[in-house]
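Chemist: Let me see the structure of the following:
(one chain, ligands or ions: 2)
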Amino acid sequence: MTSKIKSVGLVPLGNVPEIDLKVLAEHITGCFKLTTQILPPLEPPDDALDERRLQYDAGIIIEAMEAMQFGNQDKVIGVLNKDLFIPIFTHVFGEARQGGKCGLVSLFRLAKNPDGSTPPSAIIQERAAKVALHELGHLLDLLHCEHKQCLMHFAGGIDEVDKMSLDLCEYCSIFLQDKLH
Ligand SMILES: [Zn+2]
Ligand SMILES: [Zn+2]
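Modeler: Ligands and ions are numbered 1, 2, ... in the order given. Sure thing, here's the model as predicted:
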């Protein structure tokens, strides 16, 4: 079955401002030309909270989401305000498995500049859009790209997120079009 991707769901996990979800939805629709729907909020699973690290395990949340039904959504991005980690990293801005159904973006660390100051909400939303599109790219089978400005470049820090553009490089863009059409 290689049915084409039509719709992406955005699901708030816990308390996420409506405006942030709307901006994310607009970017997904605008950049990837996919229908995007904001779904009713869910709570992240209790066992995802690591009590020692006081962070949420991205893998556990994604596994729980993969086991859920999301109507006719082909791909689902969970959006949360909590600090996320995966065991090999101290923290992650987002997470998705290659070709999976569900990915995550966390606003938590995107809401602070490297110098500790707080950026305007437009900057936080732009960063969140980049991370959400990057993770959606993985769900659509895109791999990391070495072009520093490409949306699929790996970003370990805020500086790198800020350097990356909201666009795919030519190569990744052709690959994506091939996946979608
Ligand atoms: Zn990545
Ligand atoms: Zn690229």
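Chemist: Please make it C-alpha for all contacts and neighbour counts, starting now.
Modeler: Noted.
Chemist: Apart from its neighbours in sequence, what residue is nearest residue 84?
Modeler: In this structure, residue 84 finds its nearest non-sequential neighbour in residue 56, 4.7 Å apart by CA to CA, 6 or more residues apart in numbering.
Chemist: Need phi/psi at the one you found.
Modeler: Per-residue torsions, residue 56: phi -100, psi 130 (degrees, to the nearest 10).
Chemist: residues near it, how many?
Modeler: By other CA atoms under 10 Å, the residues close to residue 56 number 22.
Chemist: Burial check on the closest residue to residue 133 other than its chain neighbours, number of neighbours?
Modeler: Closest residue in space to residue 133, ignoring its immediate chain neighbours: residue 28 at 6.6 Å, by CA to CA, 6+ apart. Neighbourhood size, residue 28 [other CA under 10 Å]: 21.
Chemist: Enumerate every residue touching residue 28.
Modeler: Contacts here follow CA atoms under 8 Å, 6 or more residues apart in numbering; on that basis residue 28 touches 34, 35, 36, 129, 133.
Chemist: Most widely separated two among these?
Modeler: 35 and 129 (15.3 Å; CA to CA).
Chemist: Same drill for these two, tell me which one is more crowded.
Modeler: Applying other CA under 10 Å to residue 35 and residue 129 shows that residue 129 carries more neighbours, namely 24 against 16.
Chemist: I'd guessed that one sits against residue 22; true?
Modeler: No. In this structure residue 129 lies outside contact range of residue 22 using CA atoms under 8 Å: 10.4 Å.
Chemist: Identify the residue nearest the residue nearest in space to the middle of the chain in space, chain neighbours excluded?
Modeler: Centroid-nearest residue in the chain: residue 132, 2.7 Å away (criterion: CA atoms, centre = their mean). Leaving aside its sequence neighbours, residue 132 sits nearest to residue 105 (CA to CA, 6+ apart; 5.7 Å).
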